[in-house]
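Enquirer: Requesting a structural model of the entry that follows:
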Amino acid sequence: RCNLTPLGLFAFGMVIGLDTAMSLSHLQEKTVEASFARTFAVYAFWVGGFGELLVGLSEAARNNIYGGTAFIAIGCFWLANGTELALEAFYKLPESDEQRGKIPGGHLLRDIYVHICVMMLVGQALTMNR
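Expert: As a prediction, the model looks like this:
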């Protein structure tokens, strides 16, 4: 059996680095090229999404529940973000929230999801007896 944990850590570091560059472009105009959004969308979906999900499933199969939960949660998060980034980068989406049909409180739902995943990981870390 191979250990895919380094792949998961690489994917996590890479996507966070690209996300930092993307966030910098929102703060300061012209810091990155406009085509960077397309590149970031692809990496966020495939490397951050499917890569992390694959590593999470591998960790769960190796009976590492903590690592599996962490990588699966991060992978699902980046799959969702990568999908939104890809749709925005490659297709013309409506600009306003009214036209996009955003769910009121959608950010609250996302924050609750992230909070639950973090609390599950903290609970597992505190109850591990290794």
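Enquirer: How many residues are close by residue 71?
Expert: 28 (other CB atoms under 10 Å). Where you see a C-beta, it was placed from the backbone N, CA and C, and this is true even at glycine.
Enquirer: Was I right to think it contacts residue 50?
Expert: No: Residue 71 lies out of contact with residue 50 (CB atoms under 8 Å); the separation is 11.4 Å.
Enquirer: which SSE is residue 52 in?
Expert: Using DSSP states H and E, residue 52 maps to helix 52-61.
Enquirer: List the buried residues of that helix.
Expert: For helix 52-61, the neighbour count (16 or more other CB atoms under 10 Å) marks 52-56, 58-60 as buried.
Enquirer: now stretch 62-71
Expert: 64, 66-71.
Enquirer: Then stretch 115-123?
Expert: Judged by neighbour count using 16+ other CB under 10 Å, the buried positions of stretch 115-123 are residue 117.
Enquirer: And the contacts of that stretch?
Expert: Stretch 115-123 is contacted by residues 66, 69-70, 73 when judged by CB atoms under 8 Å, 6 or more residues apart in numbering.
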